[in-house]
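Q: Here is my input; please provide its structure:
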Amino acid sequence: MSKLHVIVVLIFVFSNSLKSQTANTFQFANLNKRSEKVKFTSVNSLIILPVEVNGILTNFLVDTGINKTLLFSFQEPNLLNTESLKRVTIKGFGNDEKLYAYQSKGNQLKIEGLINNTAELYLFFDNDYNLTNKLGVTINGIIGYDLLKDFVVRINYQRNEMKFYQPHKFNRKLTWFDQLPIEFYKNKPYINSFSEDESLKKDSLKLLIDTGSSDALWLIEGADVKIKQPNFRDVIGYGFAGLVEGYRSQLSNFNLGNYQLSDVNVAYPDESYFSFLEEVQFRDGSIGSEMMRRFTWFIDYPNQQIFFKANSEIDAPFVNDMSGLVVKYGGVEVIKRVLPQSVSVNQDTNYRKNEEDYTSVNVSFEIVNQLVIEAIRPNSPADLQGLLPEDILLEINGKPAYTKNLEELTKTLASGHNKKVKLKIKRNNEIFEIDLILKDRLQVEEGK
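A: Model (predicted):
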């Protein structure tokens, strides 16, 4: 996967006894408005929205694969409604161990001009689950169905913008858009698509629309879905219980409506990560944001339909990480910056002679995130160079690692077969440099 394996793969199974007794509905604060526009932050094409929780500004990941609203890393737990607090059991993609969350009703969520005064939240206090160190930006929660269920929603990945329409006021003609029906299962949206790749024996694929995955396509191996050759083992994502492993390959083609895309990245999670989840038996896989970012979308939950039109990224190549590094943001370091406020200049040369010519300087300190290696893909360039988990990336191609955001780092580490990337590494108290020669693992496997 081309996104440093930062895939949010969250499938929650809540106990059957949980039936919401509240409206739990977003509405327009101004009911006379036709639409409400909300700008989002994009990290590897994942959508992160500013959300006020009981008056406190937070960041939420928008995940259509989530049927409940989850909250974690909340700095003001005393501001939550605890009168109806109830412990519930959930399961997450990764293993079948029980996890616990706390249901809280009657909270207020506000997103620009959208407001929900009866919001039902599920509080998760497990400190081991941390999206912030995977994405490099603070993530306080995840929202999906509760936000989308009552609106027609446009998602424009190129503008980093969502636009919410009141359904009875939506009258836009979508003549140039493809249309597909949505089928809901446990309040999660599914569409049918297909591929003519030789590894598939099915005429149609039922796929979850999953904006919370930064991969292009996931398929579940079965009698009619075989793992495509060539392939390679990889860490393909993060589940609630930790890293998710599987295989990566490319389908020769994939059809979405009237669009056909070529050489599409596909991942196959190991069965042990999902066999205990009932709803996985309902589908063949999912499409994620690496696919979705190539289109503009109108998602119409009330009328169970979806519209999409290709944007300028439709023909962008699908690429995989070529380094073997799985990286997270772990810990911080303090950077000292010295900037001159005024300089004494030599009148003959118009240049200062040395550092003493600074008449005054401004010294500041900045706290920055450290990039830490979380895992190494076996037999990858990083593995063959002897890099280890918990090694710290100090520099990448001569520049401080903290100056690169996740998308820039992703592009660097997937920039081309046999391309050299210079890394400065800190391991314990030792600092050393290596030349990492990137390898396209599908080319390597095909050449065996």
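
Q: in which helix or strand would I find Glu408?
A: Element membership for Glu408, per DSSP states H and E: helix 406-412.

Q: So for that helix, mean pLDDT?
A: Helix 406-412 shows a mean pLDDT of 86 in the predicted model.

Q: Can you list the buried residues in it?
A: Leu406, Leu409, Thr410, Thr412 (16 or more other Cβ atoms under 10 Å). The C-beta positions use only the backbone N, C-alpha and C, and glycine is treated the same way.

Q: Which of those residues sits closest to Glu271?
A: The shortest separation between Glu271 and any of the buried residues of helix 406-412 is 27.9 Å, and it belongs to Thr410 (by Cβ to Cβ).

Q: Could you check how far that closest one is from Asp146?
A: Shown here: Thr410 relative to Asp146, a distance of 30 Å by Cβ to Cβ, to the nearest Å.

Q: What of Arg293?
A: Distance of Arg293 to Asp146, given as Cβ to Cβ: 23 Å.

Q: Neighbour count: the two, which is higher?
A: Using other Cβ atoms under 10 Å, the more surrounded residue of Arg293 and Asp146 is Arg293, with 24 against 21.

Q: List the contacts of Asn405.
A: Shown here is Asn405, whose contacts under the criterion Cβ atoms under 8 Å, 6 or more residues apart in numbering are Val43, Gly136.

Q: swap in Ile143?
A: Leu49, Val51, Phe60, Leu61, Val62, Asp63, Ile66, Thr69, Leu70, Leu109.

Q: For the fourth one, give me its contacts.
A: If a contact means Cβ under 8 Å, 6+ apart, then Leu61 has Val8, Leu46, Ile47, Ile48, Leu131, Ile139, Gly141, Ile142, Ile143, Gly212 as its contacts.

Q: can you do 10 Å?
A: Leu61 makes contact with 8, 10, 40, 43, 46-49, 70, 131, 135, 137, 139-144, 211-212 under the criterion Cβ atoms under 10 Å, 6 or more residues apart in numbering.

Q: what does the third one give?
A: If a contact means Cβ under 10 Å, 6+ apart, then Phe60 has 40, 47-51, 53, 69-71, 109, 111, 139-144, 147 as its contacts.

Q: Model confidence for Glu83, exactly?
A: 70.

Q: close enough to count as contact, it and Lys105?
A: Yes: with contact defined as Cβ atoms under 10 Å, Glu83 reaches Lys105; the gap is 8.1 Å.

Q: who has more neighbours, the two?
A: Using other Cβ under 10 Å, the more surrounded residue of Glu83 and Lys105 is Lys105, with 17 against 8.

Q: can I assume that one is in contact with Thr118?
A: Yes: the criterion here is Cβ under 10 Å, and Lys105 meets it with Thr118 at 7.2 Å.

Q: which stretches of the stretch 101-250 of the chain form strands?
A: Counting by DSSP state E, counting those that start in this stretch, the segments of the stretch 101-250 of the chain that form strands are 114-123, 141-143, 152-156, 161-165, 178-181, 183-185, 188-193, 205-209, 217-219, 232-239, 242-256.

Q: Give the pairing partners of the fifth one; include direction for each.
A: In the sheet containing strand 178-181, its partner strands are strand 305-310 (antiparallel), by DSSP bridges.

Q: what about the strand it pairs with, distance to the chain center?
A: Relative to the mean C-alpha coordinate of its chain, strand 305-310 is positioned 21 Å out (Cα atoms, centre = their mean, to the nearest Å).

Q: Same check on stretch 238-250?
A: The chain centroid and the centroid of stretch 238-250 are separated by 13 Å, computed with Cα atoms, centre = their mean.

Q: Do me a favour and average the pLDDT over that stretch.
A: For stretch 238-250, the mean pLDDT works out to 82.

Q: repeat for stretch 59-73
A: For stretch 59-73, mean pLDDT is 90.

Q: Next: stretch 113-126.
A: Per-residue scores along stretch 113-126 average to 88.

Q: Grab the CA positions of it and hand them over as PDB.
A: Coordinates of each C-alpha in stretch 113-126 appear next as PDB, following Å, rounded to 0.1, in the frame of the first residue of the first chain:
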ATOM      1  CA  GLY A 113     -23.700  24.800  10.700                       C
ATOM      2  CA  LEU A 114     -24.700  21.200  11.500                       C
ATOM      3  CA  ILE A 115     -25.700  20.400  15.000                       C
ATOM      4  CA  ASN A 116     -26.700  17.300  17.000                       C
ATOM      5  CA  ASN A 117     -28.000  17.900  20.500                       C
ATOM      6  CA  THR A 118     -28.800  14.300  21.300                       C
ATOM      7  CA  ALA A 119     -25.500  12.700  20.200                       C
ATOM      8  CA  GLU A 120     -24.700   9.200  21.300                       C
ATOM      9  CA  LEU A 121     -21.000   8.600  21.800                       C
ATOM     10  CA  TYR A 122     -18.900   5.500  22.600                       C
ATOM     11  CA  LEU A 123     -16.000   6.400  24.700                       C
ATOM     12  CA  PHE A 124     -12.900   4.300  24.300                       C
ATOM     13  CA  PHE A 125     -10.100   4.600  27.000                       C
ATOM     14  CA  ASP A 126      -7.600   2.100  25.600                       C
END
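
Q: Give me the buried positions along it.
A: Applying a neighbour-count criterion of 16+ other Cβ under 10 Å, the buried positions in stretch 113-126 are Leu114, Ile115, Asn116, Thr118, Ala119, Glu120, Leu121, Tyr122, Leu123, Phe124.

Q: Using TSV, lay out those together with distance to Lys201.
A: Formatted as TSV, the buried residues of stretch 113-126 follow (distance: Cβ to Cβ, whole Å):
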residue	distance to Lys201
Leu114	44
Ile115	48
Asn116	44
Thr118	47
Ala119	44
Glu120	42
Leu121	43
Tyr122	39
Leu123	44
Phe124	39
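
Q: Looking at those, which is nearest Asn24?
A: Distance to Asn24 across the buried residues of stretch 113-126 (Cβ to Cβ) is lowest for Glu120, with 4.7 Å.

Q: hang on, isn't that closest one packed against Ala101?
A: No: with contact defined as Cβ under 10 Å, Glu120 does not reach Ala101; the gap is 11.4 Å.
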